Every structure is written in C-alpha cells, then in structure tokens.
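Undergrad: Model the structure of this input:
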Amino acid sequence: MPAEIDIYTLEDAQAAGSVALIDVRQPDEYLGGHVPGALLVPLNDLPDRLEELPAERPLYVICRTGARSAAAVEFLTEMQVDA
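TA: Just a heads-up that it's a prediction; the model follows:
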C-alpha cells in the first residue's frame, strides 16, 4: 500500500519545492477544482506520458478518493519512479 500523507504535509512539501504533484483524475474533475500546481495526467494516460513527469524530485499523486492515486503509485513504482 502506498504511503499516504495529509494535506498539511503536502502543503509543506510544495512550499519547500521538494516534490511534484500529479492529479490522476479526469479533465472534467480537474477543471472542477484541483490543488494549485498539480499537473493533470489522467490515470489511463499515465503509461504514455511518463516522459512528461518531473524526474528530479519525488512525485506525489492525488485523486478524489485515493483509489486511482494508489494504482498510479503502484504503476510508477514498477517503472522505477519515486512516487
């Protein structure tokens, strides 16, 4: 199971510039509201968009309930990405 963090930890990490945040929801969900600075990469598009992900820092992954982000982290970890 991927590690989970709370919103305050995410906020601190973003403020420090130590992580990149990707949102794996669908575009309509993202447009309805998202964390500032989050890059939209829908879960189904993730395998084709790996080269777009920042490689110089850990990735934090977000979705609505945690199911898609957990699947994304599992995939990214298999691809040797620090997520």
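
Undergrad: going forward, measure contacts and count neighbours with C-alpha atoms only.
TA: Noted.

Undergrad: Mind listing the residues bridging to the residue positioned nearest the centre of the chain?
TA: In the chain, the C-alpha nearest the mean C-alpha coordinate belongs to Val61, at 2.1 Å (Cα atoms, centre = their mean). Val61 has the following beta-bridge partners by DSSP bridges: Ile22.

Undergrad: Look up how far Gly17 lies from it.
TA: For Val61, the distance to Gly17 (Cα to Cα, to the nearest Å) stands at 15 Å.

Undergrad: just Tyr30 next, same as before
TA: Counting by Cα to Cα, the gap between Tyr30 and Gly17 amounts to 22 Å.

Undergrad: neighbour-wise, which of the two wins?
TA: Neighbour comparison, Tyr30 and Gly17: the larger count goes to Tyr30, with 19 against 10 (by other Cα atoms under 10 Å).

Undergrad: In contact with the more buried one, which residues?
TA: Applying Cα atoms under 8 Å, 6 or more residues apart in numbering, one finds that Tyr30 lies in contact with 23, 40.

Undergrad: what pLDDT does it get?
TA: On pLDDT, Tyr30 comes in at 97.

Undergrad: Next, the buried residues of the lowest-mean-pLDDT helix or strand in the chain.
TA: Comparing helices and strands within the chain by mean pLDDT, DSSP states H and E singles out helix 7-16 as the least confident, with a mean of 87. Within helix 7-16, the residues that count as buried by 16 or more other Cα atoms under 10 Å are 10, 14.

Undergrad: other SSEs contacting the longest helix along the chain?
TA: Once the chain is assigned using DSSP state H, the helix that runs over the most residues is helix 67-78. If contacts are counted by 3 or more Cα pairs under 8 Å, 6 or more residues apart in numbering; DSSP states H and E, helix 67-78 sits against strand 59-62.

Undergrad: Would you check the distance separating the strand it packs on from the middle of the chain?
TA: In terms of Cα atoms, centre = their mean, to the nearest Å, the centre of strand 59-62 is found 2 Å from the chain centre.

Undergrad: And it, what does it pack against?
TA: Of the remaining helices and strands, those touching strand 59-62 by 3+ Cα pairs under 8 Å, 6+ apart are strand 20-23, helix 67-78.

Undergrad: among the ones you listed, which is the most enclosed?
TA: strand 20-23 (a mean of 23; mean count of other Cα atoms under 10 Å).
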